[in-house]
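>>> starting from these lines, generate the structure:
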Amino acid sequence: MKVSRSVTRALVVPFALSPLSIAFAQDAETSQLDPIVVTATLGPKTVGESLASVTVIEEDDIRYQQPKEFRELIESQPGVSVVPNGSFGKTTSVFIRGHSSDASVLLVDGIRVRSATLGGAAWQHLPPQLINRVEIVRGSRSSLYGADATGGVVQAFTLPQKAGTTSWLEAGGGNYNSQQYSAGTAMANDSSKFSIGINQFRTDGAPVVTNGEDKSYKNTSGVASGRHEFDNGTRLGFTFLNAEGNTEYDGGEQDFVFQVAGVNLDVPITENWRTSLQFSDARDEQEDFSSVPGVFNTKTRSSRLENWLTFGTHEFVLGAEYMVDQVDSTTSYDESSRSNSAFFGQALLNFNALDIHLSLRSDDNEAFGTEQTWGAGVGYALNKNYRIRASAGTSFKAPTFNDLYWPGFGDPDLQPEEATSYELGIEGRYARWFWDVAVFQSDVEDLSLPSENAAGSIPEARLRGVELSGGWRQNGWNLRTVASVGDFENKEDGKQLKRRAENTVRVDLDKAVGSWTFGTTIRAENYRPDEYFDENTFSSVRTQVPGYGVWDLRAQKTFASGLVASVTVSNVLDKEYATAKKDVNADYISAGRLAFLSVRYDFGH
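Now for the predicted structure:
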C-alpha cells in the first residue's frame, strides 16, 4: 500500500478514528518539532502537511507539568481562552478563536463526548493523569466532524507514546488537603499498544466566589485502551475511560459521571483501499443537589464508517456517520432523543510541493433538518523549511436540548448557528526550532448566546485575530512560546463578545540537567467582558472582568531505581484573580498557590 510521504517515517501514531492511524518514524528531535497529527485530516500528516493550525502537547510535556485539571494543558494556548467558575472541577468553558464553548468538539481516542443538554463537554472532569497526548486543531472542521466543530477540535489520546513496557505506582499531596493516587501499566511495540490505569484526585478545595467557603472536589477515574495490528494488516482497537465523583459549587454540589467507550476495526480490503468502522458510546451524567435538585443524564451513541482510497500520493476518504443523542432527566423535555445521519468525503492531493485538501459533508438532523458544510485548503512548500497555507470552510453549531426544549425557555424553531471561516498562515521548521503565524476570520450568523431566561442569539458576529507560536529544543532545553491577538465582536453594536479574552500569551520553558528537569510556565490573558443577572431589575448587567497573569514552577528528579519525585508550585505569587462574574457582589475566583509533591515508582523495561 502506498502512503503519503509523512508516513514513511518511524513514528507510531496513537489510535484514532482514522484507518491510517499508524505512521512510521523520523528523527526523534525533528518529530517533536513537526510531529505527526491525525485530528486535522482524520489520518496521519505532519503538522506542516495538515494545512491547519495545530498545537501538540506531547507525553513528556504532560508528565513535566503534572496537571491536576485538563484545562491546565490547554489554557492560553494559541487561540484558546479557558474560563472556569472556580478551581478544582468546577464548570469550565473553552473558547477557541472566540467561538462559543459549545462550538468546539472534544474527542477522546476519536470518540466525541459532550452534554446533549448543555452542548459543551465537561472539560473539568477529563483526568489529565490518564492522558498521554493532546492535539488542538483550530478553525472550522464541521466538514469532517459535523455539528459544533466551528471553533476547533481538541483530541486527547490515552495510548502510550513511547516504546517499551512499564508499570507504575504514584502518590502525592499538597495544600488544600489535595491528594492524588494512581497505578497502572502500559506497553507499546511495533504491532501493539495497551494501557490500563486508575487515578484518584481529591481536595478540600478553595473558595470559588469572592468571600466564599472552600468547595471540595473528588474524581476517581480509570482507563483501559489498546490497539493491535495483525499480520494481515487488520487493526483492532478499543477505548474505555470513566471518571466519576463529586464537586461542590456555590449553592450546592453535584455527582458526575464522564465516560467514553468504543471499538474500532480497520481492515485492508485491497492494496489501495482500507475500511475503518467505529462504534462508540459517550455519557455525561449529572445529579445536582441544591435548592432545585435535578438529574441530567445524556448519552451519545455513534457509528462511523470510513473508506480510505490511495492512488500514488493522493488519498480519498468516503464515509458515513450515524449518531443518536438521548436525555434522561427529572426535567420534562418535550423531546428526549434525536438522531443525526451524515455522509462526508475528503480529498488529500499532493503534487510535490503543492498540497490541496478538499472536504464536504451533509448532516441530516431529526430536530433541525439538513446542513451542508465544506472545507478547502492549499499549502505550498517554498523549500524544505518554509510553507505557506490558506484555507476556508463553513461550519455550524447545533442547538442543544436546552436551547430547543427547556420548559419555558427553549425555542423549538431555533436554527443552527452558521459560520464561514478563513485562514492564512506561514511557518518555518528547522532541525531544532520552528515558528508559525496564522491570521484568521470567522463570520458567524445567529451566534447562540443564551441569557438567564431565554434562548437567544446575535444575528451577526465577526471573530478575527492573529496567532503566533514558536518552539526550540537543544541540549536539554525545551522552549514553547505562543501569543494570540483577537477581535471578537457583535457586528450589530460593535461590542466585544462576553467571556472571551482577546489577547493571551503563554511561555513554557523546561531544562533537563542530568537526572533533573526544571521548568516554568508563565501565562497571561487580558480583560474580558461578562454579564450577570440582576434579580432586582430582572435584566442582564454588562461588566468587565480584569485580566491576569500566572507564574508556575516545577522540578523533577529521576533516580536510578525508577523512582521519580516531582514538585510543582502553581500560582507561585499566590495571586487571587477573577475568572468570571457571578453577580453584583461576587466574582468566580481562582485558587491561590498550590504546592504539590508526588512520588512515582516506575518498574518495567
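>>> can you get me the start-to-end distance on stretch 491-502?
End-to-end distance of stretch 491-502 (C-alpha to C-alpha, to the nearest Å): 16 Å.
>>> which residues touch it?
81, 83, 93, 95, 98, 447, 449, 458-463, 465, 485-490, 525-531, 542, 547, 580 (C-beta atoms under 8 Å, 6 or more residues apart in numbering). Yep, even glycine has a C-beta here, placed from its N, CA and C like the rest.
>>> give the buried subset of these as a ChimeraX selection command.
In ChimeraX, this line selects whichever of those come out buried by 16 or more other C-beta atoms under 10 Å:
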select :81,83,93,95,98,447,449,458,461,462,463,465,486,488,489,490,525,526,528,529,530,531,547,580
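>>> where do the helices sit along the chain?
Using DSSP state H, the helices assigned to the chain run over residues 28-33, 59-65, 71-74, 142-145, 401-405.
>>> out of these, which is the most enclosed?
helix 142-145 (a mean of 26; mean count of other C-beta atoms under 10 Å).
>>> which residues in the stretch 1-150 of the chain form strands?
Taking DSSP state E, counting those that start in this stretch, the strands of the stretch 1-150 of the chain run over residues 36-37, 45-46, 53-57, 80-84, 92-96, 104-108, 111-112, 133-138.
>>> let me have these in a markdown table, extended by distance to Gly379 and mean pLDDT.
Shown next, in a markdown table, are these (distance: least, C-beta to C-beta, whole Å; pLDDT from 0 to 100):
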| stretch | distance to Gly379 | mean pLDDT |
| --- | --- | --- |
| strand 36-37 | 14 | 92 |
| strand 45-46 | 10 | 90 |
| strand 53-57 | 12 | 95 |
| strand 80-84 | 23 | 95 |
| strand 92-96 | 21 | 96 |
| strand 104-108 | 23 | 96 |
| strand 111-112 | 27 | 96 |
| strand 133-138 | 15 | 97 |
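>>> figure out the length between the terminal residues of stretch 40-60.
Terminal-residue distance, stretch 40-60 (C-alpha to C-alpha): 22 Å.
>>> tell me the gap between it and the middle of its chain.
Distance of stretch 40-60 from its chain centroid, counting by C-alpha atoms, centre = their mean, to the nearest Å, is 13 Å.
>>> and Phe256, what is it in contact with?
Ala122, His125, Ala243, Glu244, Gly245, Asn246, Thr247, Glu285, Gln286, Glu287.
>>> thought the fifth one was touching Asn219?
Yes. With the criterion set as C-beta atoms under 8 Å, Gly245 and Asn219 qualify as a contacting pair; they are 4.3 Å apart.
>>> what touches both of the two?
Residues touching both Gly245 and Asn219 (C-beta under 8 Å, 6+ apart) are Gly89, His125, Arg202.
>>> Throw those residues into JSON lines and include distance to Ala171, pLDDT and neighbour count, thanks.
What follows is the shared contacts of Gly245 and Asn219, written out as JSON lines (distance: C-beta to C-beta, whole Å; pLDDT from 0 to 100; neighbours: other C-beta atoms under 10 Å):
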{"residue": "Gly89", "distance to Ala171": "20", "pLDDT": "95", "neighbour count": "29"}
{"residue": "His125", "distance to Ala171": "22", "pLDDT": "97", "neighbour count": "24"}
{"residue": "Arg202", "distance to Ala171": "12", "pLDDT": "98", "neighbour count": "19"}
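>>> nearest to Trp435, of those?
Proximity of the shared contacts of Gly245 and Asn219 to Trp435 was ranked by C-beta to C-beta; the top entry is His125 with 34.9 Å.
>>> what about the closest residue to the closest one other than its chain neighbours, distance to Arg500?
Take His125 and drop its neighbours on the chain: the residue closest to it by C-beta to C-beta, 6 or more residues apart in numbering is Phe258, 4.0 Å away. Going from Phe258 to Arg500 by C-beta to C-beta, to the nearest Å gives 25 Å.
>>> same deal with Thr331?
Relative to Arg500, and taking C-beta to C-beta, Thr331 is found at 29 Å.
>>> compare these two and say which is more crowded by neighbours.
Arg500 (24 against 15; other C-beta atoms under 10 Å).
>>> okay, and the beta partners of Ala512?
Ala512 has these beta-bridge partners by DSSP bridges: Thr517.
>>> residues near it, how many?
Other residues close to Ala512 by other C-beta under 10 Å number 17.
>>> wait, it sits on Gln474?
No. In this structure, Ala512 is not within contact of Gln474 by C-beta under 8 Å, at 11.1 Å.
>>> looking at the strands of the stretch 1-150 of the chain, which is nearest to Val223?
Across the strands of the stretch 1-150 of the chain, closest to Val223 is strand 104-108 (C-beta to C-beta), at 9.2 Å.
>>> angle of that closest one against strand 92-96?
110 degrees (axes from the mean of the first three to the mean of the last three C-alpha atoms, to 10 degrees).
>>> on that earlier part again, would you list the strands of the stretch 1-150 of the chain in a markdown table and tack on distance to Tyr380?
Formatted as a markdown table, the strands of the stretch 1-150 of the chain follow (distance: least, C-beta to C-beta, whole Å):
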| stretch | distance to Tyr380 |
| --- | --- |
| strand 36-37 | 20 |
| strand 45-46 | 15 |
| strand 53-57 | 17 |
| strand 80-84 | 27 |
| strand 92-96 | 26 |
| strand 104-108 | 29 |
| strand 111-112 | 33 |
| strand 133-138 | 20 |
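>>> still on that earlier bit, closest one of the shared contacts of Gly245 and Asn219 to Gly174?
For those, the nearest to Gly174 is Arg202 (11.5 Å; C-beta to C-beta).
>>> since we're on the closest residue to the closest one other than its chain neighbours, how many residues are nearby?
The shortest distance from Arg202 to any non-neighbouring residue, by C-beta to C-beta, 6+ apart, is to Lys218 (4.1 Å). Using other C-beta under 10 Å, the number of residues around Lys218 comes to 18.
>>> re earlier: turn the helices of the chain into CSV, columns for mean pLDDT and distance to Ala367.
Converted to CSV, the helices of the chain look like this (pLDDT from 0 to 100; distance: least, C-beta to C-beta, whole Å):
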stretch, mean pLDDT, distance to Ala367
helix 28-33, 52, 43
helix 59-65, 92, 38
helix 71-74, 96, 30
helix 142-145, 96, 17
helix 401-405, 90, 6
